[in-house]
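> Okay, sequence plus prediction incoming.
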Amino acid sequence: MSSGPVDRPQPGRWPSDPAEPLELTDGMPPPRGYPNHHSADREPIDDDVDDGDWEDWDEADGDSVTDAARRGYSTNLPVAYRPGRWRWTIRAMAAAVVLFVVAVGWLALTAPLSKSLEPPAPPSVTLLAADGTPIARRGATIGKPVNAASLPPHVINAFLAIEDRRFRSHWGVDPWGITRAMFHNMAAGGLREGGSTITQQLAKNAFLDSDRTAGRKIREAMIALWLEAWLTKDEILSRYLSNVYFGDNAYGLSAAAKHYFSTTPDKLTIGQAAMLAGLVKAPSRLAPTGNLAGARARQAVVIAAMVRGGFLEKADAADIGPVRLRPEKVKDLPDGSYFADWVLPAARDQAGAISTEARVTTTLDTRLQKAAERVVRRAGLNKAQVAIVALRPDGRVVAMVGGKSYADSPFNRATQARRQPGSAFKLFVYLAALRSGMTPDSLVDDSPVTIGDWSPKNSDGRYKGMITLRQAFARSSNVAAARLTQKVGVRAVIKAARDLGISTELPNEATIALGSASSSLLELTAAYGAFAANGYPVRPHGLNAPTEKSWIEALGDRSNRFGDRVHGEMLDLLRASISTGTGRQAALSIDSYGKTGTSQDNRDALFLGFAEDLVVGVWVGNDDNSPNPGLSGGGIPARIWRDFMQSALRLSPVARPPVEIDVDETDDGDFGNIGDVIIDGLPAGNSLGIEGSVSGFGLNLKFGRDGSIAIDRKPPRDRPDPPAPATRDRPPVRDEEL
């Protein structure tokens, strides 16, 4: 049986042999008696049957079928159908529709069409201080959008003449331009000229994709057609001029006009517009700030193109001379700083998927930042490095210094360095002790102790016996901290550190009491800030927290309070450290709280504390972790902390009390090296500008820039040096050891 009826009957002949295949003529059925394989099992058709299935036949064909039906022939035969004249046209149109749907689907998956309707721009983040002052920029300088319809004609014509002369007439793709570029490239033996229209360039910029694959060129052409369908010519031109690159990190005509000529797009001269239009071909190479001769040569090419295209008269072109640059005289924003490097990841997250310029407000206080940088410059650190972190009790970082010079070393020692905190870690030991029920007046044995194989020693080699926790904390007794750790347990100390936000690895051993674990200055400062806030943990951040939080974020952002007793007693200890202890040189004219820290072999020195609503941490040390003889947390770091706090809080220098010498800490009247001592009546802060040394009466007085005076006893010049004491095994006097 045949596979199916043929569309139209075809002319044919009757076979002479019944076995020979039938060849139809004009669609007529075979004569009576001829074998009919298609209707052998069918009943003859009655004369009165209404054969509506043959309504589409010609009138003649219909008569033949009716006649055949009257004779009893079967009409259920395969029929040959003659093709219609529009069949291939319809099929081509259907194929085009299918291809269009497939192309749109492919384009939708590989390139966001809706995004192509948005003004494209390269990523750029400008960081602002809390008062809105720009402090740093990452990425491009993006100018304000321009309206092509409101620009002078010569500005528009300069770009059309050199980039797309038939812009007003094509539909996004210029076949003539492509053909011309192809022949020019073949004649030159390489790629010398492109055929992309302004619409295609805008389409390419929408994806920031500069590869030269065939797939990208197809997408570029399709998006160009899409843009032409949805936007007017002026809208396309406006978006193009607002985002095209002009070199020197300037994007958009507004940014370029301001950067190179200190003007606005509507005030550009013909020569200036021609130079800017010429930069589009190779902006990095032709930027006039670095290649003025090349930019001027390209300007002449654009003016000649304007004449050839009928955009400019020859007489007017002859009057145009070389353009002079008038760069904008403004202070460029720094591309890098310690705070900007630290806050940038969070700024990008807050801005989301950045495809245009984003301006993100940070927590930085420009006045406090300048104060921090100023005290670092006058600290006299020699080869040592420094780091400062200043934050509010709620965690807002308002100032950050990660080193003496960002240009010399962008490594941020405030956030990236992990150093031993020394005795600054004792904050967590005493917090655990207070949580266990002890008070500042509780007694602790300040005498040598051995815990397992470890025998800690006080840095000055002196031991006071039974003393209060207040006294032990003030003088930073190592053996007292070790005994407290042994009493409350290492786990309690670790828990106190974790509660206050310390995230680094903490060894489960008693040596943790003296700061053997490493931490960052930022984490330690936030930990001390918990007592300024009477809540923990304090999470340092450089951006303002979002006004709305998800329930998961709110669940994980709960704050805990110490309780009035523990909080008040901890403030008592921190106050004692500054008023009578190792942190005396950090004393202010207002209530202040803090703690010193010095790591083993004087490698690191820290001072951390707070006053009013400002929490500050200071670290001083060498990048190579080498020892610094004489360096201690109660020395340079304490003075840097004091100077910064006086400037930040606008405090007057404190009137220092007369030097009080504890006879129990001297030997036969020898003052020893008691460090930097402030003489009563001399203001701190270098207000007198005195520096140098004075000797007399067996004393050597050294005046520091910050107003401090170091007192060392020395033998008179007319007397020989005393002999060294026999068999004395006493380490040099230091504020603290670990």
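Received it, and whenever you're ready, just let me know what you need.
> Please name the bridge partners of the residue nearest to residue 511 when sequence neighbours are not counted.
Computed as CB to CB, 6 or more residues apart in numbering, the closest residue to residue 511 that is not its neighbour in sequence is residue 454, at 6.1 Å. C-beta coordinates here come from the backbone N, C-alpha and C atoms, glycine included. When bridges are called by DSSP bridges, residue 454 pairs up with residue 451.
> can you count the residues close to residue 454?
By other CB atoms under 10 Å, the residues close to residue 454 number 13.
> ok, now how distant is it from residue 518?
As judged by CB to CB, to the nearest Å, residue 454 and residue 518 stand 19 Å apart.
> Give me the below-cutoff pLDDT ranges for this structure.
Applying pLDDT under 70 to the chain picks out residues 1-85, 100-101, 103-123, 176-195, 205-217, 329-333, 335, 351-357, 545-558, 655-738.
> who's in contact with the residue nearest to residue 511?
482, 510, 511 (CB atoms under 8 Å, 6 or more residues apart in numbering).
> repeat that with 10 Å
482, 509, 510, 511, 513, 514 (CB atoms under 10 Å, 6 or more residues apart in numbering).
> Let's see the PyMOL selection covering just the buried ones among those.
Those of the contacts of residue 454 that count as buried under 16 or more other CB atoms under 10 Å are selected in PyMOL with:
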select buried, resi 482+510+511+513+514
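> Out of the contacts of residue 454, which is nearest to residue 304?
Proximity of the contacts of residue 454 to residue 304 (CB to CB) peaks at residue 514, which lies at 79.1 Å.
> Correct me if wrong: the closest one contacts residue 456.
Yes: counting by CB atoms under 10 Å, residue 514 touches residue 456, with 6.4 Å between them.
> Which stretches in the stretch 101-250 of the chain count as strands?
Using DSSP state E, counting those that start in this stretch, the strands of the stretch 101-250 of the chain run over residues 124-128, 134-139, 141-142, 250-251.
> make that the stretch 451-600 of the chain, sorry
Using DSSP E, counting those that start in this stretch, the strands found in the stretch 451-600 of the chain span residues 465-468, 593-598.
> Which other helices and strands does the shortest one contact?
Helices and strands touching strand 465-468, as assessed by 3 or more CB pairs under 10 Å, 6 or more residues apart in numbering; DSSP states H and E, comprise strand 443-446, helix 469-474.
> Direction included, what does it pair up with?
Each strand paired with strand 465-468, and its direction, by DSSP bridges: strand 443-446 (antiparallel).
> contacting residues around residue 405?
By CB under 10 Å, 6+ apart, the residues touching residue 405 are 376, 377, 385.
> now it, what's its secondary structure?
Here residue 405 is recorded as coil under DSSP: H, G, I helix; E, B strand; the rest coil.
> From residue 411, how far off is it?
11 Å.
> Now for the two: what residues contact both?
Common neighbours of residue 405 and residue 411, using CB under 10 Å, 6+ apart, are residue 385.
> The stretch 201-350 of the chain: helices as residue ranges?
Ranges of helices within the stretch 201-350 of the chain are 214-230, 233-243, 253-261, 270-279, 283-286, 292-308, 314-318, 338-351, based on DSSP state H, counting those that start in this stretch.
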